[in-house]
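> Fold the stuff below for me.
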Amino acid sequence: MTEESQFEIALLNAEDAKALHLLLKEDNDAFKEYFPITLSKNTSLSATKKYIALKEKEAANKTDFTFAIHTIIHPEIAGLVILKDLDFENNEVELAYCLSPRFQGRGWITQAVSQIVDFAFLNHQISIFKIITHKTNTKSIAVAEHSGFVWHSTLEKEFKPEGKEAQDMELYILKK
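This next block holds a predicted model:
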């Protein structure tokens, strides 16, 4: 079996509530620093259901798209890929992604990012893709580079983790 056949990507939907809640609960520490808003909106199963309903509305309105990375062998959600801050006037979007530490090192997130870039390009004519990451997040930088993104600039004080000072972040761009 190839790596590509071990997961599939689909827009987050109501049936994903239990699996998403479990992912965020089990891997809370892994997502706490760079996905605090997502974690804060998924503190209970009912909160996760509301979060998913909001994500479904955003997808219907074409403002944001949140995709779940589903494992195939043992069905669960391994991570998320999010298209956010869509700007149809300038044909650009930012990508964010997270993956449970249990599934890292398999190339899944790189493959998922490439598939989502293709989705946005083919279905929404998006041609400029951004990934914003911290310079110490070497795994995220590797995903960006393996997906064809190129470092563009440092964004000063771009991100403020909970309880910490604002951090400079690195901007990677892919143009189609």
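> show me where this protein has strands.
7-11, 65-71, 77-87, 92-99, 128-133, 150-159, 167-175 (DSSP state E).
> these two touch, right, Asn91 and Phe121?
No. Look at Asn91 against Phe121 with Cβ atoms under 8 Å: they stay out of range, at 9.2 Å. To be clear about C-beta, it is placed using only N, CA and C from the backbone, and glycine gets the same treatment.
> Which strands and helices lie in contact with the lowest-mean-pLDDT helix or strand in the chain?
Lowest on mean pLDDT, DSSP states H and E among the helices and strands of the chain sits helix 28-32, with a mean of 81. With contacts taken as 3 or more Cβ pairs under 8 Å, 6 or more residues apart in numbering; DSSP states H and E, helix 28-32 sits against helix 36-40.
> Would you mind pulling the contact partners of the helix it packs on?
Contact with helix 36-40 is made by Leu24, Asn28, Phe31, Lys32, Tyr51, Leu80, Cys98, Pro161, Glu162, as judged by Cβ atoms under 8 Å, 6 or more residues apart in numbering.
> buried stuff in the least confident helix or strand of the chain?
Residues of helix 28-32 classed as buried by neighbour count (16 or more other Cβ atoms under 10 Å): Ala30, Phe31.
> Just the CA atoms of it, as CSV, please.
Extracted as CSV, the C-alpha positions of helix 28-32 are listed here (Å, rounded to 0.1, in the frame of the first residue of the first chain):
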residue,chain,number,x,y,z
ASN,A,28,-4.1,19.3,23.0
ASP,A,29,-0.5,20.1,23.8
ALA,A,30,0.7,19.6,20.2
PHE,A,31,-1.9,22.1,18.9
LYS,A,32,-2.0,24.6,21.9
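> Contacts for it next, please.
Leu24, Thr38, Leu39, Cys98, Ser100, Pro101, Glu162.
> Return the member of these nearest to Val150.
Looking at the contacts of helix 28-32 and their distance to Val150, the nearest is Cys98, at 22.2 Å (Cβ to Cβ).
> Turn the contacts of helix 28-32 into a markdown table, including distance to Phe67 and pLDDT.
Shown next, in a markdown table, are these (distance: Cβ to Cβ, whole Å; pLDDT from 0 to 100):
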| residue | distance to Phe67 | pLDDT |
| --- | --- | --- |
| Leu24 | 15 | 92 |
| Thr38 | 13 | 90 |
| Leu39 | 18 | 90 |
| Cys98 | 11 | 93 |
| Ser100 | 15 | 92 |
| Pro101 | 19 | 90 |
| Glu162 | 25 | 74 |
